Each structure stands twice: as structure tokens, then as C-alpha cells.
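Participant: Need a 3D model of the following:
(one chain, ligands or ions: 1)
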Amino acid sequence: MPLMTLRDVLEPAVPQRYAVGSFNVTNHDFVEGVLAAAEETGTPVILSVAEVHFRYLDLGRFVPYLKQRIAQSPVPVVLHLDHGTKKETLVKAIHWGFSSVMFDGSTLEWDDNIAQTRELADLAHMAGVSIEAELGHVAGGEGDFEGGSEVDTGRYTDPEQAAEFVHLTGVDALAVAVGTVHGPYRQTPELDLPRLAAIRQNTTVPLVLHGGSGLTEADFQAAIARGINKVNFYTENALLAVEAVKEALAAGRPMTYPDLTAVGRGAITANTKRQIAVFGTQPM
Ligand SMILES: [Zn+2]
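Facilitator: Presented below is the predicted three-dimensional model:
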């Protein structure tokens, strides 16, 4: 199928109250593992490449492969830049052919976040690319695996500001801070569901939950019922693949490197399929 934008895959998700998973990929095995899950379930999927993961990749080689692979896929796929913090990164992603970008100005002051997001939203839309932005701040980084992160309750998204932000910037999706963190959690996450419901009431754009790994099925369902339409998911897949490889090695059978990568990939597919079911993602 041709590349889809966030708008394409999230538009039906809003009235039908389901979410589409946005799964970060860092190499070929990750891509094939996630796409196998989407293809086996016949559901749309968002493949995300995070700016913090550029260190694992040669984008100039990786993106042409992604685009070719997506074109061959029978399911709708969005190629999304996750957490672009610099204008150069977004321009580069648009130039390479991403169909969707995220600008993360969540550490900026209100006026600055609006001005920069607005400029990049105009730029993305001129190129036919959709854009997600973040208001409030989801703590932690996709790369922070030591010790985990604590929720920054002082920087939750304000429901009134969310409406104003969407109106002033023209973004296609909004990432909100309602109790999740990136990477592993230091304490059991507790979502601020009334806040999420209030944000949903004030805005019509699809809402995005970052830091999906570590939430329970009930957490996801409660969040989706209150208006989350895109869930970012990475850490659990990244860690489960390692567990599966360790188990395979401990079983003591002679294995080659391709056998091991296939085990990791299989674990990613199985877990991604589980998440797709939890998110209630519907075929388009
Ligand atoms: Zn994130």
C-alpha cells in the first residue's frame, strides 16, 4: 500500500474509540517483527523512528528499505518521526519521505512551543506530511534503561491549554502528559483519567499516549475509552526480545546468529500482536 499519514489512520479511530500502535523500530528485525504483527492481524500500524535512535541507524540506507517494504505491505502503514527536537531533523525526515513527524517542544516555554510547532506544522502540511506535537511533558527518554523514570506531576497537560494549543498550531495529533513516562517506570503508573477526559472534551484531534510500556491492559483500555487514539510503544518490545534470546540460549540447543535474531523478532511479533488486541485496533 502507499504510505499513509497519521490523519489517514487516526481519523476513523477517534469516533470508534480505538488506538493505533506506534511502534519504534531500530533495525531490520524490529521492522519485520512489527510489520508481521500488523499483517497477521490485518490492521494499520505506525512505524516510528525516534531521533534518539538515529545513533543505531544510517537513515540514508534505512529509509529507502522502509519505504520499499511498506509499499509491499497489504496493511496501511505510517512512517513517523518520533520526538524530533530540532527543525533540521523534521526537514530531514520530510526530505527522506516520512509521511508523519513529531515535533517535541515540550521542554520549551508556552510561546516558544507554539511558535516553533506552528512553523513546523505549516512546513509539514505543505509537504503533505502530518504532524504531532506535545504539550505538558512526558518524563524520561527512550534510551533510559537504568533505574527508570519518575512521573513529573507538575508538568501534566492542562485541558484548557490543550484546546488553545491545537487551535493555534494546527497539529494533527497531540501527545499529552497524564501520568506516563518513557522507558521503565520507577513506581507503578497511575493515570490521571479525569484530566484525560477533560482534554478529550476540549479538543477534536487524536490524542497520543507516550510511554506505553509498563501500563496494564486495564490502564490502556481506560485511556482509550477517554480519548487516546495513538499509543507509543517501544521499551517492552526491546526488552522482551532480549529475554527470548536469553531463554533460547539457556535451552542449550546449538544456534547460529540468524536463529537468535529470528527468536528476537518472533518475540517482538508476539508482543506487538498482543498490544494491537489491547488497543482494539480495527482494520481500515
Ligand atoms: Zn515519547
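Participant: Quick check: the gap between the residue of the chain found nearest the ion and residue 189.
Facilitator: Closest approach between the chain and the ion, counting by C-beta to the ion: residue 210, at 3.3 Å. All C-beta spots, glycine's among them, are computed from the backbone N, C-alpha and C. As judged by C-beta to C-beta, to the nearest Å, residue 210 and residue 189 stand 12 Å apart.
Participant: Find the residues that touch each one of those two.
Facilitator: Shared contacts of residue 210 and residue 189, defined by C-beta atoms under 8 Å, 6 or more residues apart in numbering, comprise residue 180.
Participant: Looking at the two, which has the bigger crowd around it?
Facilitator: residue 210 (28 against 16; other C-beta atoms under 10 Å).
Participant: need the contact list for that one.
Facilitator: Per C-beta under 8 Å, 6+ apart, neighbours of residue 210: 134, 138, 175, 180, 182, 232.
Participant: again, but for residue 263
Facilitator: With C-beta under 8 Å, 6+ apart, residue 263 has these contacts: 244, 245, 248.
Participant: Of these, which ones also sit close to the ion?
Facilitator: When contact is defined as C-beta under 5 Å from the ion, the contacts of residue 263 do not meet the ion at all.
Participant: which one of these is nearest residue 237?
Facilitator: residue 244 (10.6 Å; C-beta to C-beta).
Participant: OK, contacts around the closest one?
Facilitator: Applying C-beta under 8 Å, 6+ apart to residue 244 gives the contacts 263, 264, 266, 267.
Participant: just residue 196 next, same as before
Facilitator: Contacts of residue 196 (C-beta under 8 Å, 6+ apart): 176, 178, 207, 223, 226, 227, 228.
Participant: In strands only, show me the residues you listed.
Facilitator: Among those, DSSP state E puts 176, 207, 228 in strands.
Participant: In the one helix or strand residue 262 maps to, which residues are buried?
Facilitator: For residue 262, the element it lies in under DSSP states H and E is helix 257-279. Within helix 257-279, the residues scored as buried using 16 or more other C-beta atoms under 10 Å are 260-269, 271-273, 275-276, 278-279.
Participant: Low-confidence regions, the stretch 101-250 of the chain specifically.
Facilitator: Residues of the stretch 101-250 of the chain meeting the criterion pLDDT under 70: 141-150.
Participant: Which positions in it make contact with the ion?
Facilitator: Residues of the stretch 101-250 of the chain lying near the ion by C-beta under 5 Å from the ion: 210, 232.
Participant: Strands of the stretch 101-250 of the chain, start to end?
Facilitator: With DSSP state E, counting those that start in this stretch as the criterion, the stretch 101-250 of the chain has strands at 130-135, 173-176, 207-209, 228-233.
Participant: which stretch among those comes nearest residue 16?
Facilitator: Closest approach to residue 16 among these is made by strand 228-233 (9.3 Å; C-beta to C-beta).
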